[in-house]
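Q: Next come a sequence and a model predicted from it.
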Amino acid sequence: MDMAEAPIGRREKRKQEIRSRIEDAAYRLFRSQGIEDTSIEQICVEADVARRTFYGNFPNKHALLGGLGISRLYSQSEPMLRQLLSNHPTTRKRLEAMIDYIEASFASMNDIDRQLIL
């Protein structure tokens with residue numbers, strides 16, 4: 001039986017928005033001053049959240065880096081999969097094209113994105 005996804009509630013939507021704000025602020029700061037030189041306090045100020053809110057979403061900076069890396073990677077994978085499925089008829093061709101796509105994408109990434117996904 002196919003189950004439809006229930007719409008998310010206001011509280012869950014708010015949690016997602018805050019988490020996204022933290023990730024976006026961290027990414028901006030990481031790009032401008034580097035990962036090591038960015039503090040949790042700076043991220044909180046940039047995201048306009050309290051430290052407690054930060055720690056409610058991420059136990060530490062390392063967890064934020066992992067979550068941000070996964071978010072960045074997933075945001076790129078959906079367009080890639082759509083393109084592969086529509087442009088390549090066989091599994092072999094899709095895999096070859098996926099390797100080419102990943103190689104080209106990785107080559108065009110900035111240093112921060114490379115650090116986040118590796």
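A: Good, I have the coordinates.
Q: contacts and neighbour counts: CA atoms only from here.
A: Will do.
Q: Tell me how far the most centrally placed residue in the chain lies from Phe30.
A: The centroid of the chain falls nearest to Ser71 when counting by C-alpha atoms, centre = their mean (1.8 Å). The gap separating Ser71 from Phe30 is 15 Å, by C-alpha to C-alpha, to the nearest Å.
Q: now stretch 29-47, how far from the centre of its chain.
A: 16 Å (C-alpha atoms, centre = their mean, to the nearest Å).
Q: Now do that stretch: everything it contacts.
A: Arg21, Ile22, Asp24, Ala25, Ala26, Ala50, Arg51, Phe54, Lys61, Ile112 (C-alpha atoms under 8 Å, 6 or more residues apart in numbering).
Q: Pull the most distant pair out of those.
A: Ala50 and Ile112 (24.8 Å; C-alpha to C-alpha).
Q: Looking at these two now, which is surrounded by more residues?
A: Shown here are Ala50 and Ile112; by other C-alpha atoms under 10 Å, Ile112 has more neighbours (16 against 13).
Q: what's the closest non-adjacent residue to that one?
A: Leaving aside its sequence neighbours, Ile112 sits nearest to Arg31 (C-alpha to C-alpha, 6 or more residues apart in numbering; 6.2 Å).
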